[in-house]
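Participant: This is the structure alone, sequence omitted:
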């Protein structure tokens, strides 16, 4: 199954990530807080110097206002392992309180390689496995082409290897879980998804469809005893994994609440910066962020999110097809991105990841959406000094999309002149807006006009893709069921 072409493609993907790693990162040379790079380094410092019970607790040695750990225990353990290795190489990398702002060339190399290692060990293999499972295994040419579209997706590359994060770990576990579930390996899928959820709590974006699909597989067993047995096995896998990972904090309720309080900080507000979701767009014309308290806003977000999530997943329960499952993953994740509380622009990666699963079924719409997700994060890339990698990667990806994926397989909609014109106009408009925002200063009266334009432009595309996925799930599913 793995031939020379696939090895070459993965090698190219690794090379691209390595090249992007040579650029600047979040907070480079910007004291006193720096950015996400320093946050990841600081967590290594905290976890290697303090006992686990103090990792999430505000103390004189762990100032939570300075990049306090706010991800689940598996992230903390990962930071601990990296911190041990970093300390062996150079103790100054993780020296308690004295290592803040370390930016030596040696440290940059270590940190960048740690992300690249996660790509090689977890993320890229996960994409390969997913591609083998999702795409028709009999068509090796098709699988190779869609693998290229997956492994060269610029969003994940620019955020992890550029901006600096480890989304490749949580997303890699999530994609492996989807591949396992689609292959009827439900116990494996349950375990791997639990790992993803315990690495980043934002994996809750995908929790509903996975829970509903696995629950339905329990109901599909022949006898009541078999139904109960399968449910209990899955529940045991999930609960036992949580217990093992959370063990250092299970001694007291206060310790558990300390961790939970760090994972779900309501005080941060409904959204950060100019994210391309519903509330940010509404806030342009009606300052809802200033009109409502955080608790009120959180309840409003909960209500609107539930209004979309529940019908999508109830439908999945009664229509347990793999295509419906994949569509519901995208629709549910998009619902959380568009309407939930505390959304960051990077959260769009949580929608892009399951969207990769739809490349084989809806290549034009999905590739179009993926390109817009990259554009929606452009203000963040500008802040990090990643403008050049952004333009180069997105341009290359767009060329690959048009000339390799769509034209190679004579995709019917690509032959449609209207769709072709819309696709081209949309993409080239993104390039124009991005270029103009760089070289045309914003008016003094509207200093955020360009970032808002990018947010609104991206939101329109996201909402249309959201509607498209819901239409495919509900209408096409009904048509196929009726025809059957």
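Facilitator: Everything's here; your move. Since the model is a prediction, treat every value here as computed from it, not as a measurement.
Participant: all contacts plus neighbour counts: C-alpha atoms, from now on.
Facilitator: OK.
Participant: Quick one: find the helix or strand in the chain with the lowest mean pLDDT.
Facilitator: Ranked by mean pLDDT, DSSP states H and E, the helix or strand of the chain with the weakest confidence is helix 477-483, at a mean of 50.
Participant: Wait, residue 171 touches residue 124, no?
Facilitator: No - judged on Cα atoms under 8 Å, residue 171 makes no contact with residue 124 at a distance of 10.4 Å.
Participant: in the stretch 101-250 of the chain, which ranges drop under the pLDDT threshold?
Facilitator: 136-141 (pLDDT under 70).
Participant: ok, residue 341 to residue 72 distance?
Facilitator: Distance, residue 341 to residue 72, by Cα to Cα, to the nearest Å: 18 Å.
Participant: And for residue 278?
Facilitator: For residue 278, the distance to residue 72 (Cα to Cα) stands at 27 Å.
Participant: go on, residue 286?
Facilitator: In terms of Cα to Cα, residue 286 sits 35 Å off from residue 72.
Participant: So for those two, which residue has more residues nearby?
Facilitator: Between residue 286 and residue 72, counted using other Cα atoms under 10 Å, the more crowded position is residue 72 (22 against 12).
Participant: Would you agree the more buried one is in contact with residue 199?
Facilitator: Yes - the pair residue 72 and residue 199 qualifies as a contact (Cα under 8 Å) at a distance of 5.5 Å.
Participant: Give the burial count for residue 88, as a bare number.
Facilitator: Neighbourhood size, residue 88 [other Cα under 10 Å]: 12.
Participant: Likewise for residue 38?
Facilitator: Around residue 38 there are 24 residues (other Cα under 10 Å).
Participant: wait, what's in contact with it?
Facilitator: With contacts taken as Cα atoms under 8 Å, 6 or more residues apart in numbering, residue 38 has the following neighbours: 27, 100, 101, 102.
Participant: quick one: which of the residues you listed is nearest residue 324?
Facilitator: Checking these against residue 324 with Cα to Cα, the nearest one is residue 27 at 40.9 Å.
Participant: Now do the closest one against residue 163, distance only.
Facilitator: 9 Å.
Participant: Which neighbours do those two have in common?
Facilitator: What both residue 27 and residue 163 touch, as defined by Cα under 8 Å, 6+ apart, is the set 36, 37, 384.
Participant: any chance of those residues in CSV, with secondary structure and distance to residue 472 too?
Facilitator: Shown next, in CSV, are the shared contacts of residue 27 and residue 163 (DSSP: H, G, I helix; E, B strand; the rest coil; distance: Cα to Cα, whole Å):
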residue, secondary structure, distance to residue 472
36, helix, 37
37, helix, 40
384, coil, 37
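Participant: now the strands: where do they sit in the protein?
Facilitator: Along the chain, counting by DSSP state E, no stretch forms strands.
Participant: And the contacts of the helix ranked longest in the chain?
Facilitator: Using DSSP state H to define each element, the chain has its longest helix at helix 294-318. Identification of contacts with helix 294-318 by Cα under 8 Å, 6+ apart yields 208-209, 212-213, 216, 266-267, 269-270, 289, 324-325, 328, 331-332, 335-336, 339-341, 470, 474.
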